[in-house]
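Novice: From the sequence below, what's the structure:
(2 chains)
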Amino acid sequence: MDILHNLAIGFMAAASWQNLSYCLVGCLLGTLIGVLPGIGPIATIAMLLPATYGLPPLGALIMLAGIYYGAQYGGSTTAILVNMPGETSSVVTCLDGYQMARRGRAGAALAVAALGSFFAGCVGTIMVAAFGPLLAAFSEKFTSVEFFSLMVLGLLSAVVMAGGGLLKAVAMIVVGLLLGLVGTDVQSGTARYTFDVSELWDGIGFLPLVMGLFGINEVMINLEQTQRRELLATKITGLWPTREDFRQAWPAALRGTALGSVLGILPGSGSVLASFASYTLEKKIARDPSRFGRGAIEGVAGPEAANNAAAQTSFIPLLTLGLPSNVVMALMMGAMIIQGIAPGSVVMDKRPDLFWGMVASMWIGNLMLLVINLPMIGIWVRLLRIPYRLLYPCILVLCLIGIYSVSSSPTDLLLTVVFALFGYGLNKLGCEPAPLILGFILGPSMEENFRRSLVLSQGDALVFVQRPLSLALLLAAACLLAVIVLPQIRKSREDAFKD
Amino acid sequence: MVRNGQDLGSGLLFIAIGGVGLWWGREYELGTTANMGPGFVPMALSGILVLMGLAIGLRACRGANTAIDRVHWRPVLLLTLAMLAFAGLIRTAGFAPAIVATVIVAALASRESRAREFVPLSIGLAVVCVLVFVVALRQPVAIFGAS
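Specialist: Residues are numbered from 1 along each chain as shown, chains lettered A, B, ... in the order given. The predicted structure follows:
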């Protein structure tokens, strides 16, 4: 009954008019930007981060969660209607969703995606409420030694699950860790890597980094390809799926939810793996697998549910252990830190209204997307028609105003330029920027825990393998690395990321 | 022979970043393992990065043939210029002129842009942004002139 009691606290906190309106604004803004062609969820969230800066902590978190779900929803919409996956996790939705749209069934595909996501979101919320406290209680035994090992595991597993070369990805983590060290060292007061720029004393701003690496970099990349988008379904009719659709879709959504909830909790895996796994599963157990890729509704319902469930449960490691499992969670963590909240079990103990309020608002956000956004699909479709040549100057200006409105400093604007160019270079060199963000966000606390561990052990580095919990975490990290190096698994991983 | 331009390039990049880290961090106090100074972790990470850069660069000698993607200079340079224009103009010329200039320079980055579209767009966007950010959200910036 504890869960019910806690959820009640959360709903009380989240259901104030003010917080509901933050949630609503977040959902609408997230969908608005997320549905625009050529802007993925990560860029969407990065662009909208400044909007949450002036709000009280709970309001900001609620709005962020709304933005997140909105962006995801916007991503599936573009996947279905224009065959443009906003992020890797909606690649799978393209396969059958777009085919359904081509057969004039875009409405049904969108509705099934939204309903499946909503159901998965409800289950995911319950999972967060049920497992969050357990994990938090578990982590209370952690000392800085275990936290350090946990972060090593978290960073490595995030890299393993992401595509691209392993060595490069680990190197990107190290670059991120180094960037995270820029600024004044808390323990000694030494200014490190500030290059005599006084604005860097507080460290590199999170906004210039993510806006440059994701928002503006994305514009640069998009401009290289001539945009030839083919928008289907001039008019979306028959939004409501038929009874037959429901019969086929709900077991798939159920399986997808189960799969996604479990995969989401594992650090690093997140929604990409979940949607791929769900699609494979649906195809395998289908009576007629040849329907897949030609508009099978299960191929939309399953992965969309899995992706949303995983998106939800990936909050668990963040909220309880302070461990972001993917870039989106790193963005969330960055936003929390800016609000003065260090995610982890402490939040749950000291500010239960904050933790449970956010859990409750996840559910409310999912509901809002369903009731408000689905009927508004006509408006979103019209947005899809805006040609990119008119869109990207506006995106650029909004990014710049967002950065300037938070810091009022031209230095941050220049930093954004630097990171945009850096990101562009990385892209040309085939390096993913995502691990860099994870390293950047975890860098300061990783250093602190590392230094504190060695103070405790009086300089004995063996402490990390002498404490059983820490040893187990490091062994898990080593296993992950071993698994990646083994050729068999490496091959299937490459297959999964081939698209 | 070097066949993998991407690996070689990123290897060199990592070595360069690690090198900067080692060079700039050379005066930070290292301390002992039991009581680390501010320099320990940065130096360790920079060193690791240099080693990884070497490994990636050496790997380039075998491995698949992946050339570095072609750099499209027009969008990169013009978008950079647009951002610099914004950074330079917002305090000197004001919010609205900064937006107009940014949009026009940025629009030139795409071959598909048409002046009869992006000039009105820049003015329209400036008006909307002034209304939203200055009038409604009361951002402390001058609409015209220095602030």
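
Novice: before we move on, which element is residue A:287 in?
Specialist: Secondary-structure element containing residue A:287, defined by DSSP states H and E: none, the residue being outside all helices and strands.

Novice: Can you report how many residues lie near it?
Specialist: Residue crowding around residue A:287 was assessed by other CB atoms under 10 Å in any protein chain shown; the count is 5. The C-beta positions use only the backbone N, C-alpha and C, and glycine is treated the same way.

Novice: what does residue A:195 give?
Specialist: Other residues near residue A:195 number 9, with proximity taken as other CB under 10 Å.

Novice: Surely it touches residue B:24?
Specialist: Yes: in this structure, residue A:195 is within contact of residue B:24 by CB atoms under 8 Å, at 7.3 Å.

Novice: Tabulate the CA atom coordinates of the helix or strand that contains residue A:464 in CSV.
Specialist: Assessed by DSSP H and E, residue A:464 sits inside helix A:463-466. Coordinates of the C-alpha atoms in helix A:463-466 are reproduced here as CSV (Å, rounded to 0.1, in the frame of the first residue of the first chain):
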residue,chain,number,x,y,z
VAL,A,463,39.6,-0.9,-2.9
PHE,A,464,37.5,-1.1,-6.1
VAL,A,465,37.8,-4.8,-6.3
GLN,A,466,38.0,-5.6,-2.6
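
Novice: And it, what's buried?
Specialist: A:463, A:464 (16 or more other CB atoms under 10 Å in any protein chain shown).

Novice: How about stretch B:116-129?
Specialist: By neighbour count, and taking 16+ other CB under 10 Å as the criterion, the buried residues in stretch B:116-129 are B:118, B:121, B:122, B:125, B:126, B:129.

Novice: same check, this time on stretch A:56-75
Specialist: Across stretch A:56-75, burial judged by 16+ other CB under 10 Å covers A:57-75.

Novice: quick check: mean pLDDT across that stretch?
Specialist: What stretch A:56-75 shows for mean pLDDT is 85.

Novice: could you check whether that stretch is close to chain B?
Specialist: No: no part of stretch A:56-75 sits near chain B under the criterion CB under 8 Å from any CB of the partner chain; the closest distance found is 14.7 Å.

Novice: so the residue in chain A that chain B sits nearest to, which of the three states?
Specialist: Closest approach between chain A and chain B, counting by CB to the nearest CB: residue A:459, at 3.1 Å. In three-state terms, and counting by DSSP: H, G, I helix; E, B strand; the rest coil, residue A:459 is coil.

Novice: Kindly report the same for residue A:224.
Specialist: From three-state DSSP, the assignment for residue A:224 is coil.

Novice: what about it, how many residues close to it?
Specialist: The number of residues near residue A:224, taken as other CB under 10 Å, comes to 15.

Novice: what's the burial count for residue A:54?
Specialist: 11.

Novice: low-scoring pLDDT stretches of the stretch 51-200 of chain A, where are they?
Specialist: Along the stretch 51-200 of chain A, the model assigns pLDDT under 70 to residues A:85-89, A:161-164.

Novice: what does it put close to chain B?
Specialist: Taking CB under 8 Å from any CB as the criterion, the stretch 51-200 of chain A approaches chain B at residues A:165, A:167-168, A:170-171, A:174-175, A:177-178, A:181, A:185, A:187-188, A:190, A:192-193, A:195.

Novice: try it again with 10 Å
Specialist: Selection of the stretch 51-200 of chain A residues close to chain B by CB under 10 Å from any CB of the partner chain yields A:51, A:54, A:165, A:167-168, A:170-182, A:184-195.

Novice: Which of these fall in helices?
Specialist: With helices identified by DSSP state H, the entries of these that belong to them are A:167-168, A:170-181.

Novice: could you flag which of these are buried?
Specialist: Burial by neighbour count, 16+ other CB under 10 Å: within these this picks out A:167-168, A:170-181.

Novice: ok, the residue of chain B found nearest chain A - how many residues close by?
Specialist: Scanning chain B for proximity to chain A using CB to the nearest CB identifies residue B:34 as nearest, at 3.1 Å. Using other CB under 10 Å, residue B:34 has 13 neighbouring residues.

Novice: And the pLDDT for it?
Specialist: In this model, residue B:34 carries a pLDDT of 78.

Novice: what's the closest residue to it other than its chain neighbours sitting at in phi/psi?
Specialist: Here the nearest residue to residue B:34 in space, its sequence neighbours aside, is residue A:459; by CB to CB, 6 or more residues apart in numbering or on different chains that works out to 3.1 Å. Here is the backbone geometry of residue A:459 (degrees, to the nearest 10): phi 90, psi 10.

Novice: Now do the same contact list for residue A:459.
Specialist: The contact partners of residue A:459, by CB atoms under 10 Å, 6 or more residues apart in numbering or on different chains, come to B:31, B:32, B:33, B:34, B:35, B:36.

Novice: Name the member of those residues that has the highest neighbour count.
Specialist: In terms of neighbour count, residue B:36 stands highest of these at 22 neighbours, by other CB under 10 Å.

Novice: picking up where we left off before, helix, strand, or coil at the residue of chain B closest to chain A?
Specialist: Assigned state for residue B:34: coil (three-state reduction, three-state DSSP).

Novice: In this structure it contacts residue A:463, no?
Specialist: No: Residue B:34 is beyond contact range of residue A:463, at 11.1 Å (criterion: CB atoms under 10 Å).

Novice: three-state assignment of residue A:38?
Specialist: Three-state secondary structure (criterion: three-state DSSP) places residue A:38 in coil.

Novice: Spit out the contact partners of it.
Specialist: With CB under 10 Å, 6+ apart as the criterion, the residues that contact residue A:38 are A:78, A:84, A:86, A:218-219, A:221-223, A:225, A:227, A:229, A:388, A:391-392, A:395.

Novice: how about it, phi and psi?
Specialist: Comment: the main-chain dihedrals of residue A:38 come out as phi 90, psi 10, following degrees, to the nearest 10.

Novice: Looking at per-residue confidence, what score does it get?
Specialist: According to the prediction, residue A:38 has pLDDT 70.

Novice: Tell me the spacing between it and residue A:275.
Specialist: 21 Å (CB to CB, to the nearest Å).

Novice: So is the helix or strand hosting residue A:34 next to chain B?
Specialist: With secondary structure defined by DSSP H and E, residue A:34 is part of helix A:17-35. No: on the criterion CB under 10 Å from any CB, helix A:17-35 is out of touch with chain B, staying 12.3 Å away.

Novice: tell me how far that helix is from the chain's mean position?
Specialist: Centre-to-centre, helix A:17-35 and its host chain are 17 Å apart (CA atoms, centre = their mean, to the nearest Å).

Novice: Dead centre of chain B: give me the residue that sits there.
Specialist: In chain B, the centroid-proximal residue (CA atoms, centre = their mean) is residue B:80; its distance is 8.4 Å.

Novice: wait, doesn't it sit right on residue A:216?
Specialist: Yes: under the criterion of CB under 10 Å, residue B:80 is in contact with residue A:216, at a separation of 9.3 Å.

Novice: thinking again about what came up before, if we take the buried ones among the ones in helices among the residues of the stretch 51-200 of chain A next to chain B, which one ends up nearest to residue B:46?
Specialist: Distance to residue B:46 across those (CB to CB) is lowest for residue A:178, with 6.7 Å.

Novice: does the nearest residue to the closest one once chain neighbours are set aside sit in a helix, a strand or a coil?
Specialist: Take residue A:178 and drop its neighbours on the chain: the residue closest to it by CB to CB, 6+ apart is residue B:45, 5.2 Å away. Counting by three-state DSSP, the backbone at residue B:45 sits in helix.

Novice: Next one: residue B:45 relative to residue A:194, how far apart?
Specialist: As defined by CB to CB, residue B:45 lies at a distance of 17 Å from residue A:194.

Novice: In terms of packing, which of those two has more residues around it?
Specialist: Neighbour totals were compared for residue B:45 and residue A:194, and residue B:45 leads with 26 against 18 (other CB under 10 Å).
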